[in-house]
Each structure stands twice: as C-alpha cells, then as structure tokens.
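S.K.: Pasted the sequence and its predicted model underneath.
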Amino acid sequence: MAEIEKLLEGYKVFYEKNFVLNDGDAFKDIQTSQSPKTLIIACCDSRVDPVILTNAKIGDIFVIRNIANLVPPYQPMWDSNHGTSAAIEFAVNHLKVKHIVVMGHSNCGGIKALVDDDIDINKEFSFITDWIRIAKKIKEDIPKDLTNEEKYIFCEQAGIKVSLKNLMTFPFVKEKTQNKTLKLHGWYFSLKDGSLSTLNKEADKFEKTDISL
Ligand SMILES: [Zn+2]
C-alpha cells in the first residue's frame, strides 16, 4: 500500500497548493468547461507525461495516451472500440484545438516489441500485438547500416510519422489542416539526454529544440 499512500499524500500537496493557499484560483476559469488549444498524443510510458514535460497547467492540454503514441487510421465501421479515435474527434470537433502534437520517445517498449517481434500473440499480449501493428510498415524502411540503438530511434521517430499520416485520414482533421485552423506536429523526447526534437516536415527529419534560456 505504500505506493498508493504516497500518491494520496501527493494529492494532499496538490489540494493544499491549489485550493487552500490559492483559494482555488487555478480552477476559477475552468470549473465548468475546458478550452485547451492543444491535443497531445503521447505514450502511456510513466516517464513521458506530456503535462510534466511541457510544464503545463491544469486545463492547458487535452491528452491522449496509448501504447507507443499511435493513431489508428480512420475506420468508422471497424468492429472494435475506438478510444483514441473518439478522443481525437472530441478534441478536434468539440474543443476545436488548434494543434495536435504526436509525442514519441526513446526507449519505447511498444516500438521495441514491434521491431523485435517479441510479443507472443497466444499469451498475454494479444491486445498489444494488434495495436502496434498500426505501425508495422516502419519495419520495411529500416536502413541496413544502423546500430541497434539507432534502429530503435529510427522506428520511434517513424512511428510518430505514421501517426501523423493516419491523423490525416480523419476527414475533419484533413479539412481543418487544409483550411489552416489546425496544425499537426511531431515531437520526440529523449530519455537519454532530456532533449526534445521537433519534426521538420520539409526536411523530413527531427531537429533538437534550442534549450538556451
Ligand atoms: Zn512508449
């Protein structure tokens, strides 16, 4: 129970900071509705929380997290549940976010499983196996001369591009990007050096953001 008690203690700190010391000021504007301008689609990985990594405040970001930050293609009649697609629909059509960021990361277990084929569909990972197949094409494009570490980075970044491409299969995303009311971004966070790289779409490569303050 120590783990849960630690979290509940953390909640008390949060409550004291936001509701006792500031008299709930942080929530005054967002008590009845939210109006985030950005949707971030990130991995479930405990080390890459987009709210923490962007120093965002409550209400700033609408967040979707799933295994390997993947976006499935638009499949309205697909006979399965669509958690990610439903959240994209809500963010774009209801909240009218102006930006969608797909944020991948280094040392991603989901991408590694896809690259290494080390998930046994007959055992306990049948959901993951199906899910990560969304990005299976990236394996065909892996350059031959990469080291193991470079191979995973290549695939993690290629997975971000797959998600960005699949986002464009959603008619409402395509329409809003074409009329420039919505912009798509690819970000890559490295746990190795803490760097954040952004996708330069014209050059088709990720470039480290300037961290000089
Ligand atoms: Zn991951």
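M.R.: It's in.

S.K.: Within the helices and strands, which one has the residue nearest in space to the middle of the chain?
M.R.: Geometric centre of the chain, nearest residue: Ala42, 1.6 Å, by C-alpha atoms, centre = their mean. Following DSSP states H and E, one finds Ala42 within strand 38-43.

S.K.: elements contacting the next helix or strand after that strand?
M.R.: Beyond strand 38-43 on the C-terminal side, the first helix or strand identified by DSSP H and E is helix 50-53. Counting contacts by 3 or more C-beta pairs under 8 Å, 6 or more residues apart in numbering; DSSP states H and E, helix 50-53 packs against strand 61-66, strand 99-105. All C-beta spots, glycine's among them, are computed from the backbone N, C-alpha and C.

S.K.: what's in contact with the first one?
M.R.: Just to be clear, that refers to strand 61-66. Contact partners of strand 61-66, identified using C-beta atoms under 8 Å, 6 or more residues apart in numbering, comprise 34, 36, 38-44, 50-51, 54, 83-84, 87-88, 90-91, 95, 97, 131.

S.K.: Near the ion, which residues of this structure are found?
M.R.: By C-beta under 5 Å from the ion, the residues of the chain that approach the ion are Cys43, Asp45, Cys108, Gly110.

S.K.: Would you map the strands across this structure?
M.R.: Ranges of strands within the chain are 38-43, 61-66, 99-105, 183-189, 196-200, 205-208, based on DSSP state E.

S.K.: Can I get these in TSV including distance to Tyr152 and mean pLDDT?
M.R.: Putting these into TSV (distance: least, C-beta to C-beta, whole Å; pLDDT from 0 to 100) gives the following:
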stretch	distance to Tyr152	mean pLDDT
strand 38-43	13	98
strand 61-66	19	98
strand 99-105	11	98
strand 183-189	12	98
strand 196-200	15	98
strand 205-208	14	97
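
S.K.: Met1 is nearest to which of those strands?
M.R.: Nearest to Met1 among the strands of the chain is strand 61-66; the distance by C-beta to C-beta comes to 25.3 Å.

S.K.: coming back round to it: pick the most buried one from the helices and strands packed on helix 50-53.
M.R.: Mean neighbour count (mean count of other C-beta atoms under 10 Å) peaks for strand 99-105 among those, with a mean of 24.

S.K.: And this protein, what are its domain boundaries?
M.R.: Domain assignment for the chain by automatic domain parsing gives 1-30, 34-208.

S.K.: Please work out which of the ones you listed is packed deepest.
M.R.: Mean neighbour count (mean count of other C-beta under 10 Å) peaks for domain 34-208 among the domains of the chain, with a mean of 16.

S.K.: all helices for this structure, in order.
M.R.: Along the chain, counting by DSSP state H, helices occupy 2-15, 50-53, 83-89, 109-116, 126-132, 148-167, 171-178.

S.K.: export the ones you listed to JSON lines and tack on distance to Asn69 and mean pLDDT?
M.R.: Formatted as JSON lines, these follow (distance: least, C-beta to C-beta, whole Å; pLDDT from 0 to 100):
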{"stretch": "helix 2-15", "distance to Asn69": "24", "mean pLDDT": "96"}
{"stretch": "helix 50-53", "distance to Asn69": "10", "mean pLDDT": "97"}
{"stretch": "helix 83-89", "distance to Asn69": "10", "mean pLDDT": "96"}
{"stretch": "helix 109-116", "distance to Asn69": "8", "mean pLDDT": "94"}
{"stretch": "helix 126-132", "distance to Asn69": "11", "mean pLDDT": "88"}
{"stretch": "helix 148-167", "distance to Asn69": "6", "mean pLDDT": "97"}
{"stretch": "helix 171-178", "distance to Asn69": "16", "mean pLDDT": "98"}
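
S.K.: No more questions from me, cheers.
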